[in-house]
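[1] only geometry, no sequence info:
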């Protein structure tokens, strides 16, 4: 009989994290789409494109396909269609990762070949971080779930080195120091190299 090391099933956290992202995306107003985000190269529209396209990539990985062949940005989505586009791909990705065998099977992701549970934990980290990015860009219209940030921060500390270059394998900037008394989202943002937006 083959046994596998114990791991925390990331599927409940991923389901909650995508639900949180979906709720936030539904608040986006047309005049906000050109606004900045903590991802210096992305405005709000670009970030939405990456969230939708990246989630499509994760869905294909969960379905057993070559997710790396999927462009991590969505094309052809109209400005009024971001919420429906994300809801569609969110439904697909959750279905793709439902089977228990996906947790132990090996999958190929941008940072290497890893067990499914490790891959999906990494994608919890990604969607929670990008949800914070989007929330910053939108002026924090909704409260964010601190438990999700805690899961993402634990994953980030396990998967991302304390000091790392920004490259294809680790597409996040070098870790920053979180300010004293920072909340869990601020700690996550700092670990991922984010700087909160400065507002007038």
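    Here it is on my side, so go on. A quick note: this is a predicted structure, and the numbers were derived from the prediction, not measured.
[2] Sketch out the strands for this protein, chain order is fine.
    With DSSP state E as the criterion, the chain has strands at 106-109, 112-115.
[3] which residues of this protein score low on pLDDT?
    Low-confidence segments of the chain, defined by pLDDT under 70: 1-6, 161-172, 199-200.
[4] Where do the helices of it begin and end?
    Per DSSP state H, the chain carries helices over the ranges 11-25, 44-62, 82-96, 101-104, 116-138, 146-159, 184-191.
[5] Quick one: the ones you listed as JSON lines, columns for distance to residue 110 and mean neighbour count too.
    In short, each C-beta sits where N, CA and C put it, glycine included. Output for these, formatted as JSON lines (distance: least, CB to CB, whole Å; neighbours: other CB atoms under 10 Å):
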{"stretch": "helix 11-25", "distance to residue 110": "17", "mean neighbour count": "19"}
{"stretch": "helix 44-62", "distance to residue 110": "9", "mean neighbour count": "23"}
{"stretch": "helix 82-96", "distance to residue 110": "16", "mean neighbour count": "18"}
{"stretch": "helix 101-104", "distance to residue 110": "18", "mean neighbour count": "14"}
{"stretch": "helix 116-138", "distance to residue 110": "9", "mean neighbour count": "24"}
{"stretch": "helix 146-159", "distance to residue 110": "12", "mean neighbour count": "19"}
{"stretch": "helix 184-191", "distance to residue 110": "19", "mean neighbour count": "21"}
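[6] As a markdown table, those with distance to residue 35 would be great.
    Formatted as a markdown table, those follow (distance: least, CB to CB, whole Å):
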| stretch | distance to residue 35 |
| --- | --- |
| helix 11-25 | 14 |
| helix 44-62 | 5 |
| helix 82-96 | 14 |
| helix 101-104 | 36 |
| helix 116-138 | 6 |
| helix 146-159 | 22 |
| helix 184-191 | 18 |
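[7] Out of those, flag the one nearest residue 38.
    helix 116-138 (5.0 Å; CB to CB).
[8] by how many degrees do that closest one and helix 82-96 diverge?
    Interaxial angle, helix 116-138 versus helix 82-96 (axes from the mean of the first three to the mean of the last three CA atoms, to 10 degrees): 170 degrees.
[9] list the helices and strands helix 116-138 packs on?
    helix 11-25, helix 44-62, helix 101-104, strand 106-109, helix 146-159, helix 184-191 (3 or more CB pairs under 8 Å, 6 or more residues apart in numbering; DSSP states H and E).
[10] and the angle from the last one to helix 116-138?
    Helix 184-191 runs at 100 degrees relative to helix 116-138, counting by the same axes, to 10 degrees.
[11] Just the angle for helix 184-191 relative to helix 146-159, thanks.
    Between helix 184-191 and helix 146-159, the angle comes out at 30 degrees (the same axes, to 10 degrees).
[12] Identify the residues contacting helix 184-191?
    38, 128-129, 132, 144, 146, 149-150, 152-153, 156-157, 160, 175-179, 182, 195-196 (CB atoms under 8 Å, 6 or more residues apart in numbering).
[13] can we see that at 6 Å?
    132, 144, 146, 149-150, 152-153, 156, 175-176, 178 (CB atoms under 6 Å, 6 or more residues apart in numbering).
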